[in-house]
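Asker: here is my input; please provide its structure:
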Amino acid sequence: MEDTRIEPPFAETDERALLTGFLDFHRGTLEWKCAGLTDEQLRTRSVGTANLTLLGMLRHMAEVERYWFREVWAATPFETEMFNRTDDPDEDWNDLEADTGEAALARLHQEIEAARKIVEAAADFDLIATRPNRVERVSARWILIHLVEEYARHNGHADLLREAIDGEVGE
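Answerer: As a prediction, this is how the structure comes out:
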């Protein structure tokens, strides 16, 4: 498992480079943890009673990227959710048989590219957005930090899953 991630800047950098650098590092970590696995391996559950899988994580993070960057930050509502074939609110984690790692990774890449364009177009991170159908208001800065946190949490899960699948380890 070759690690091709780029470390975020350590010093003498601005806020944009620091936040996007950490986000890209964590995006790369999830992809690294999924690299080289079969669809069956990506569907391997952490434990029999949990719905936590690497394929589910790829799907979930594509939906997270779409929601926070396109729907909240850019205020671009979508008629339907990314995963809406069933009435299961956790379909991104549960309805895995109809999906592949390749398709899930392609969706994630598409959402990451859309997110990068939104972030690059921002003059600064002082934008305040209101979450659809909610009252909470968040800054663009908060969204970036939240995405780093979301990836970091799931990357911890991904570490454990990957090691259980084939013994591969790495931070």
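
Asker: where is the longest helix in the protein?
Answerer: Of all the elements of type helix in the chain, the one with the most residues (DSSP state H) is helix 140-166.

Asker: buried ones in it, by neighbour count?
Answerer: Of the residues in helix 140-166, 140-145, 147-148, 150-151, 154-155, 157-159, 161-162, 165 count as buried by neighbour count, 16 or more other C-beta atoms under 10 Å. Where you see a C-beta, it was placed from the backbone N, CA and C, and this is true even at glycine.

Asker: for residue 129, helix, strand, or coil?
Answerer: With DSSP: H, G, I helix; E, B strand; the rest coil as the basis, residue 129 sits in strand.

Asker: please name the nearest non-neighbouring residue to it.
Answerer: Spatially, and ignoring its direct neighbours in sequence, residue 129 is nearest to residue 72 (4.9 Å; C-beta to C-beta, 6 or more residues apart in numbering).

Asker: residue 138 is in contact with that neighbour, correct?
Answerer: Yes: using C-beta atoms under 8 Å, residue 72 is in contact with residue 138, at 6.8 Å.

Asker: between these two, which contacts overlap?
Answerer: Counting by C-beta atoms under 8 Å, 6 or more residues apart in numbering, the common neighbours of residue 72 and residue 138 are 129-131.

Asker: hang on, the earlier thing: of residue 72 and residue 138, who's got more company?
Answerer: residue 72 (22 against 18; other C-beta atoms under 10 Å).

Asker: list the contacts for that one?
Answerer: Contact analysis of residue 72 by C-beta under 8 Å, 6+ apart lists 129-132, 138, 143.
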